[in-house]
Structures are given as structure tokens and as C-alpha cells.
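Undergrad: Here is a sequence with its predicted model. Questions after.
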Amino acid sequence: MNSKTVFAALGTTALALTGLGAVTVPAGAAAPASSASPAAAPGSLCQIRVISVKARDIQEDNQGTDEIRLKLGNTFTAQRTYFEGQKRNTLFDGSDLFAAPERVKLLEVDGATRQVLDSTTIPCVARTATSRLASADGDAVYQVTWVVDVLVP
């Protein structure tokens, strides 16, 4: 993914726009890198955004749908209903800023109950990738595509 970085001075902060996401960065901070950067240096700030989620196999076969959301670090994405084989654009469902490797969890929601189906760790490295997340019994399988932008190298 190749994007241009744009800055607009706003008092003591600058608004960094990278790709399709935005984050407020303190004035005087290092400029955000484009998402073409190979790796982030220690102390870097990254942003993860989930681009799409596809239900390869749903857990609630008897109901015909799963209610799914992701947990990006401490941030929950919007909850979506999936039919088997359905792919949804989730770009605007949520994002998270992180410096250390980020834990991403796939959750199946039943009322007030959230069950972690699977999780993966995402490094603070600029890239777009797809992960296969599945329940331990293999009953639920989801394909999650995400992008990480290094905002402050």
C-alpha cells in the first residue's frame, strides 16, 4: 500500500493523515512514515485498521449467523452479523494505536457473552496482511485482512 503523508498545523499539534486513517500527533514529533516503511524502530507508534472480515465457516450453524467483533488491544470494533461465506468491509469499524506488538482477538458474541475464538499478535511493522483466525475445534473460521501504518518511526 502506498500513500502520501499530509500535515496541517493546528496550534500545538499536527494532524497526520496516512492512508485512510488519522491520528493527532504532538507538535515536534517525528513525521509519520508512509505505509511502505519496512519496519518500525523501537518506540514507534503504529495504527492497526481491519479492512475486511470474511466468514469461511460460522460457529452458530443452527442459527445461520455469527455475531462477530474484534478486539484490537483494548479497543473493540463494531459488532457485525455474518452468514457463512459473507465478506464485509470493516475499515470504519474501529482502529487502535500501539507501540508494542498488538494482540488482536476474534470474538463471537451471544448477548452479553463474548467468546474468544482465536487471537494473533501483530507487530508494529508497516504492512497489509491477512490472518486466518479459527476456533480451537475448527468450527468457526474467519479470514481477517488488516493494515498497519507506522505513524511515528
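TA: Received the coordinates, thanks.

Undergrad: Quick check: nearest residue in space to residue 77, chain neighbours excluded?
TA: Nearest residue to residue 77, sequence neighbours excluded (Cβ to Cβ, 6 or more residues apart in numbering): residue 94, at 3.7 Å. The way it works is simple: take the backbone N, C-alpha and C, and place the C-beta from them, glycine included.

Undergrad: That neighbour against residue 74, yeah?
TA: No - taking contacts as Cβ atoms under 8 Å, residue 94 lies outside contact range of residue 74: 11.1 Å.

Undergrad: C-terminal to the helix or strand harbouring residue 120, which secondary structure element comes first?
TA: Element membership of residue 120 [criterion: DSSP states H and E] is strand 113-122. Counting by DSSP H and E, the next helix or strand C-terminal to strand 113-122 is strand 127-134.

Undergrad: chain center to the helix or strand that that next one is followed by, what's the gap?
TA: Next helix or strand after strand 127-134 toward the C-terminus (DSSP H and E): strand 141-152. Averaging C-alpha positions (Cα atoms, centre = their mean, to the nearest Å) puts strand 141-152 5 Å from its chain's average.

Undergrad: Neighbouring strands - and their directions - for strand 141-152?
TA: Strand 141-152 has the following sheet partners, assigned by DSSP bridges: strand 45-57 (antiparallel), strand 127-134 (antiparallel).

Undergrad: for the helix or strand just after the first one, packing partners?
TA: On the C-terminal side of strand 45-57, the closest following helix or strand by DSSP H and E is strand 66-72. For strand 66-72, the packing partners by 3 or more Cβ pairs under 8 Å, 6 or more residues apart in numbering; DSSP states H and E come out as strand 45-57, strand 80-82, strand 102-110.
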